[in-house]
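# Sharing a sequence plus its predicted fold:
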Amino acid sequence: MRILIAPDSFKESLSAKEVALALKSGFENALPDADFDLMPIGDGGEGTLDALAENLNLEKKSIKIPHAYTSDGSVSFASNGQTAIFEMAAICGLEHISKEKRNPLALTTQGVGELIVHLVQSGIRDIIIGVGGSAT
């Protein structure tokens, strides 16, 4: 028997890869003769970058970019020189904002635009943006 395990992350607790490994561990106990393929995925929010970067063999990088409620911060993206992937949630996501500051009228997506400009100026031709998990 071959089993494909393709979970998303568990918000603010486990990455998609950690969920896949935990599920595999449980299935291995119940089905010791099975073969497993792990394919962590993301819905556009947190975990999407890690899943796609690993599956597409892209190099992860980091850059200073303003976040939703502050003028400084940094964000990771992945690239192969032609294509880049990043998560909007890494710049203006709910997990970075305390509950008392979660007011979409007081937050900004300026960092998303700044990252797009940086990528284009760096020669990136294709940009994939995961838009799940945004607080704006």
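Received the coordinates, thanks.

# now stretch 113-124: mean pLDDT?
What stretch 113-124 shows for mean pLDDT is 95.

# I meant stretch 64-71, not that one.
79.

# how about the strands of this protein, start to end?
Using DSSP state E, the strands of the chain run over residues 2-5, 35-38, 59-64, 74-79, 83-87, 126-130.

# buried stuff in the last one?
Of the residues in strand 126-130, 128, 129, 130 count as buried by neighbour count, 16 or more other CB atoms under 10 Å. For the C-beta atoms, the positions are set from N, CA and C on the backbone; glycine is no exception.

# Can you tell me which of the residues you listed lies closest to residue 114?
residue 129 (13.0 Å; CB to CB).

# Quickly note the distance from the closest one to residue 15.
Residue 129 sits 19 Å away from residue 15, going by CB to CB, to the nearest Å.

# Could you do residue 116 as well?
For residue 116 relative to residue 15 (CB to CB), the value is 25 Å.

# what about those two, which has more around it?
residue 15 (18 against 15; other CB atoms under 10 Å).

# among the strands of the chain, which is the most enclosed?
strand 83-87 (a mean of 24; mean count of other CB atoms under 10 Å).

# ok, that one: who's next to it in the sheet?
According to DSSP bridges, strand 83-87 has the following sheet partners: strand 74-79 (antiparallel), strand 126-130 (parallel).

# what is the orientation angle of it with strand 59-64?
Angle, strand 83-87 to strand 59-64, by axes from the mean of the first three to the mean of the last three CA atoms, to 10 degrees: 60 degrees.
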